[in-house]
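Asks: Next one to model:
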Amino acid sequence: MLNLGVRAHDIHAENLEELAEKVHQLGLNHIQFAPSKNFPGITTEQLTPGFARHCRDVFARKGISISVLGCYINLVARDRVVREKELQKFYRYLRLREDFGASLVATETGSVGNGYTKANFTEETFLLATYFVRQMVVQAETFGTTIAVEAGVNHPVHTIDKLKRLLGAVPSNNIQVILDVANLMTLDNWRDQGAIIDEAIDKLGERIVAIHLKDFVIKEDQIEFVSMGKGLLGLERILSFVKRERPWMFLLLEGTREEDLEGAVRWIRDVNERVK
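Replies: Here you go, the predicted model:
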């Protein structure tokens, strides 16, 4: 079964009801929802159990659930005050996960600086990220919640091996993985994405609980994200893995322009029909 959803803030909506209707019209039944991304006026302090249950109820009326509650914080910010504020925000999301009706709370590991910096790739930065992930997992265990961590090429956890090492350093079933192949692509490795997908499946195995479907092209010697179906992502290999070994796994369109979503959904379903 193709269990396809969408990152909600790729859809413009003035309110929850409009967002739910647009997702429903796409024929999708789950979303990755980061409240402040969809509605920038919502502050962390305004996120209460009542608000979370209201969101869940609005989406449920259209047959939509929140598969992933997005809380992408910067674990390795240089400023300790900023870092602590980020962690407290994440803990709030952990507490509210059940009220939102979400399965997972997702994050990346952030960046020491703004944008690309080689400082993200040092052992010191990796150990710092690991230290804070361990704290987050303790909180997740307290609330009976699952954290899903995502790797990216400009983060302290930027390869499959680093992600595997993080999981080994934080031995808990309350931390799992979101695989985003496009986030691991570089100018040097994009031609080998099939091998990278296989490596992720081999090394991360059952820890992969969701997959982001994001497409990319090479433009002016840079990786540029594009709408799904308009780039180089090896979707067939991903869908084949899901169909064979992980039926009903959460798949989430990410980074597709809203005007392209309908065509992207149709294309993914067509590809899924062909693969074995």
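Asks: thought L187 was touching K219?
Replies: No. Look at L187 against K219 with C-beta atoms under 8 Å: they stay out of range, at 10.9 Å. For the C-beta atoms, the positions are set from N, CA and C on the backbone; glycine is no exception.
Asks: Surely E224 is within a strand?
Replies: Yes. If the criterion is DSSP: H, G, I helix; E, B strand; the rest coil, then E224 is within a strand.
Asks: Can you get me a residue count around it?
Replies: Here the neighbour count serves as a burial measure; for E224 (other C-beta atoms under 10 Å) it reads 11.
Asks: Tell me the confidence at it?
Replies: As predicted, E224 sits at a pLDDT of 96.
Asks: Could you do G115 as well?
Replies: 69.
Asks: next one: the one 10 residues further on
Replies: The predicted structure scores T125 at 94 on the pLDDT scale.
Asks: okay, now it: neighbour count?
Replies: A count of nearby residues for T125, using other C-beta under 10 Å, gives 22.
Asks: Then Q46?
Replies: When neighbours are counted by other C-beta under 10 Å, Q46 comes out with 11.
Asks: what does I201 give?
Replies: Counted with other C-beta under 10 Å, the burial measure for I201 works out to 17 neighbours.
Asks: Unless I misread the structure, it falls within a helix.
Replies: Yes. Under three-state DSSP, I201 sits within a helix.
Asks: Surely it touches I211?
Replies: No. With contacts counted by C-beta under 8 Å, I201 stays clear of I211, the gap being 10.6 Å.
Asks: dump the residue contacts of L19.
Replies: When the contact criterion is C-beta atoms under 8 Å, 6 or more residues apart in numbering, the partners of L19 are A8, I11, A13, N38.
Asks: Report the secondary structure element holding it.
Replies: helix 16-25 (DSSP states H and E).
Asks: need the next SSE after that helix, C-terminal direction.
Replies: Under the assignment DSSP H and E, the closest C-terminal helix or strand after helix 16-25 is strand 30-33.
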